[in-house]
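Asker: any chance you can model this:
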Amino acid sequence: MSGVLFPIFFFVSIVVFLVFLANRRDKIITETLSALGAKTDSLGRCILNKNGIPYWYRYTAGSRNSPPMLIVSIPCVSHGEFTINPEGGLDREAKKLGFSAEIQTGDAEFDDQYYIVSDTPEFARVYFQSAEKREVIKKIYNTGFTQVKHDGKTMQAQWSYFDKSLLAPELITGTADNLFALSDNLPDYFANEEILGIPRLRFKTIAAYAIPILALLAAGIGFISNVYYPPLDIITVFLRSLLLSVPLYIIYMVLVFFAIRGRAAAHKDFLNIAGVSLIAALFFVHNGFVFMNGKQDSSKPVLHNTFVTGKYITRSKNSQTYHVLVHSWRPGHDTEGFLVGEYNYRYIQPGQTEAAVVTKQGALGFEWALSESFNTGKK
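Answerer: Below you'll find the predicted structure:
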């Protein structure tokens, strides 16, 4: 009997401990909020005030796709912006290759430890000439924060993978004091760095992102063509489309390389643009092939009388898809596959149910199904 009770006791003890720990950590959040005299707003931010200036902090628990995080933010209006992260290996290699150009402060220790990203380089260059500002940033990082950012409206410190048990009033107020110190004596406005309020350096990068995103949207709309003009050999169409999509992708990425080089964040943007552009090129050209193959097809419809050879169901988390295989009329092909509704699927009998498929040859030579029907004997 004791052999059975021990595992139960152990499991209950673990549950009780986890509940205790969760309650304790929630208590830390509540006590910190109370000690600071802060109030929460509809966005979950804890609002504070210093010398009549409101500022806020927010803790967000981790989820499947994001780590727990603490953000402390104060108002800070300027015509400049920058983001500071610990310098990584990719940053160093991009600088060595001359693809990315980081602002150098002249402080060798600081330049080696941190990576400054800014599309208003003159603003950032003047700002980081201040040894006091650099020391404050070091202090924020030494506390445990993982990013300091100024977006022209706020100055904020972000701590990824924040342990909630470290939350305390002095952490919030001390970080806010450091951010207020960073917001003092900002450089003057550099008119040549902006166009319509957007940094000049960012225009080419915005365009480089916009083109593949628009292509993806067009590909999404073009996906309808797979429903109206479904090719019998979807894989063959995709492989043939690679003859166009791959060269287009390579040419576009070469243009992007020369267009965005020289920015501090060029290497990171290039990798992101490369990923989005690859997906956009593959789907845009493929769906374009399917659309042109069906839309421009002037061939006469051909009726093929055949029979069902098999059927099967594929399942996803929230749905089921019903597949039917029919004997192929094409040389070198054994079967052709079609999707059917659940009702028809029930009554279709492999080896017995007759099928009538109407196809067209396709403007690009890819035969596609205009219609298919199954003689199930049911109406």
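Asker: parallel or antiparallel, list what pairs with whatever helix or strand residue 307 lives in.
Answerer: Using DSSP states H and E, residue 307 sits in strand 302-315. Using DSSP bridges, the strands paired with strand 302-315 are strand 320-327 (antiparallel), strand 354-360 (antiparallel).
Asker: make TSV from the ones you listed and add mean neighbour count to it.
Answerer: To be clear about C-beta, it is placed using only N, CA and C from the backbone, and glycine gets the same treatment. Output for the strands paired with strand 302-315, formatted as TSV (neighbours: other Cβ atoms under 10 Å):
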stretch	mean neighbour count
strand 320-327	17
strand 354-360	18
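Asker: ok, which of the ones you listed comes nearest residue 299?
Answerer: strand 354-360 (5.0 Å; Cβ to Cβ).
Asker: need the contact partners of the next helix or strand after that closest one.
Answerer: The C-terminal neighbour of strand 354-360 among helices and strands, as given by DSSP H and E, is strand 368-375. Residues from elsewhere that reach strand 368-375, judged by Cβ atoms under 8 Å, 6 or more residues apart in numbering: 229-232, 293-294, 297, 301, 308, 324, 326, 338, 340, 344, 348, 353-360, 362.
Asker: stretch 313-324 now?
Answerer: Here stretch 313-324 has contacts from 308, 310-312, 337-342, 344-345, 348, 355, 374, using Cβ under 8 Å, 6+ apart.
Asker: swap the cut-off to 10 Å and go again
Answerer: For stretch 313-324, the surrounding residues in contact (Cβ atoms under 10 Å, 6 or more residues apart in numbering) are 308-312, 335-346, 348, 350, 353, 355, 372, 374.
Asker: what of stretch 286-303?
Answerer: By Cβ under 10 Å, 6+ apart, the residues outside stretch 286-303 that reach it are 215, 218-231, 234, 237-242, 244-245, 329, 356-368, 370-371.
Asker: now do the buried residues in that stretch.
Answerer: 286, 287, 288, 289, 290, 291, 292, 293, 294, 297 (16 or more other Cβ atoms under 10 Å).
Asker: these into TSV, with extra columns for pLDDT, distance to residue 148 and secondary structure?
Answerer: Shown next, in TSV, are those (pLDDT from 0 to 100; distance: Cβ to Cβ, whole Å; DSSP: H, G, I helix; E, B strand; the rest coil):
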residue	pLDDT	distance to residue 148	secondary structure
286	95	43	helix
287	93	43	helix
288	93	45	helix
289	94	48	helix
290	94	48	helix
291	93	48	helix
292	94	51	helix
293	94	53	helix
294	93	54	helix
297	94	59	coil
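Asker: got the angle between the strand holding residue 307 and strand 368-375?
Answerer: Taking axes from the mean of the first three to the mean of the last three Cα atoms, to 10 degrees, one finds strand 302-315 and strand 368-375 inclined to each other by 80 degrees.
Asker: in strand 302-315, what's buried?
Answerer: Using 16+ other Cβ under 10 Å as the test for burial, strand 302-315 gives 304, 306, 308, 309, 311.
Asker: quick one: which of the residues you listed is nearest to residue 174?
Answerer: Closest to residue 174, out of all of the buried residues of strand 302-315 and judged by Cβ to Cβ, is residue 311, at 67.5 Å.
Asker: so what's the closest one closest to, chain neighbours aside?
Answerer: Distances taken as Cβ to Cβ, 6 or more residues apart in numbering put residue 324 closest to residue 311, at 4.8 Å, once the chain neighbours are dropped.
Asker: next one: residue 204
Answerer: In space, and not counting its chain neighbours, residue 204 is closest to residue 259: 4.7 Å by Cβ to Cβ, 6+ apart.
Asker: just confirm that neighbour is within a strand.
Answerer: No. Judged by DSSP: H, G, I helix; E, B strand; the rest coil, residue 259 forms no part of a strand; its state is helix.
Asker: distance of it from residue 115?
Answerer: Distance of residue 259 to residue 115, computed by Cβ to Cβ, to the nearest Å: 22 Å.
Asker: out of these two, which sits in the busier spot?
Answerer: A count of neighbours by other Cβ atoms under 10 Å puts residue 115 above the other of residue 259 and residue 115, at 22 against 16.
Asker: thought that one was touching residue 102?
Answerer: Yes. Judged on Cβ atoms under 10 Å, residue 115 makes contact with residue 102 at a distance of 6.0 Å.
Asker: mutual contacts of the two, please.
Answerer: Taking Cβ under 10 Å, 6+ apart as the contact rule, residue 115 and residue 102 both touch 87, 91, 92, 94, 95, 264, 265.
Asker: thanks again, I'm all set now.
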